[in-house]
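K.L.:
Generate a structure from the sequence data that follows.
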Amino acid sequence: MLTFWLMGPVERVLRRWDWFDRRIWPRLAQSRGKLHPYVEKYGEWGLAFFIGVPLPGTGAYTGAFGAYLLGFDRRRFWIANALGVLIACLAVVGLCLLIDRGAIAEESLLRRLFLKQLPDGTAG
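P.N.:
Numbers count the residues shown, from 1 in each chain. Next comes the predicted model:
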């Protein structure tokens, strides 16, 4: 939420410098381009899904930048951010429960990434 709140004042200061418009602004516009189709089709749910997908380049910070660039107000962003973080939380907890219950093979990459193996061979 702090990132979204600071975007306006920070943008006004940084847009005064030419290097920002040439180097940084295109990257922010790229974030907008990634997010725009979801938001056009699904509104806050599109932004929430973008924030909630646990992949590199998505998440609350990128979602805050995108929401600012797309003209979301604070209330709409807060709702989408809260839903997105909840989606990510449920996805990770669900995956961990699947691993813990044995639904994912012992030697799988997901199991090694999410569960630390103790010296006695048990998951910790």
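K.L.:
per-residue confidence averaged over stretch 60-70?
P.N.:
Stretch 60-70 carries an average pLDDT of 83.
K.L.:
Enumerate the positions of that stretch that are buried.
P.N.:
Across stretch 60-70, burial judged by 16 or more other C-beta atoms under 10 Å covers 60, 62-70. C-beta here means a position set from N, CA and C on the backbone, and glycine is covered the same way.
K.L.:
Of those, which belong to helices?
P.N.:
By the criterion of DSSP state H, membership of the buried residues of stretch 60-70 in helices covers 60, 62-69.
K.L.:
which of the residues you listed sit farthest apart?
P.N.:
The distance between the two most remote of those (C-beta to C-beta) is 14.9 Å, for 60 and 69.
K.L.:
Check which helix or strand residue 31 maps to.
P.N.:
Per DSSP states H and E, residue 31 falls inside helix 25-42.
K.L.:
by how many degrees do that helix and helix 60-69 diverge?
P.N.:
80 degrees (axes from the mean of the first three to the mean of the last three C-alpha atoms, to 10 degrees).
K.L.:
could the ones in helices among the buried residues of stretch 60-70 go into CSV alongside distance to residue 44?
P.N.:
Converted to CSV, those look like this (distance: C-beta to C-beta, whole Å):
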residue, distance to residue 44
60, 14
62, 16
63, 11
64, 14
65, 16
66, 12
67, 9
68, 14
69, 15
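K.L.:
which of those residues lies closest to residue 35?
P.N.:
Nearest to residue 35 among these: residue 66, at 3.8 Å, using C-beta to C-beta.
K.L.:
Excluding chain neighbours, what is closest to the most centrally placed residue in the chain?
P.N.:
The centre of the chain sits closest to residue 59, judged by C-alpha atoms, centre = their mean, with a distance of 0.8 Å. Excluding the flanking residues, the one nearest residue 59 by C-beta to C-beta, 6 or more residues apart in numbering is residue 51, at 6.0 Å.
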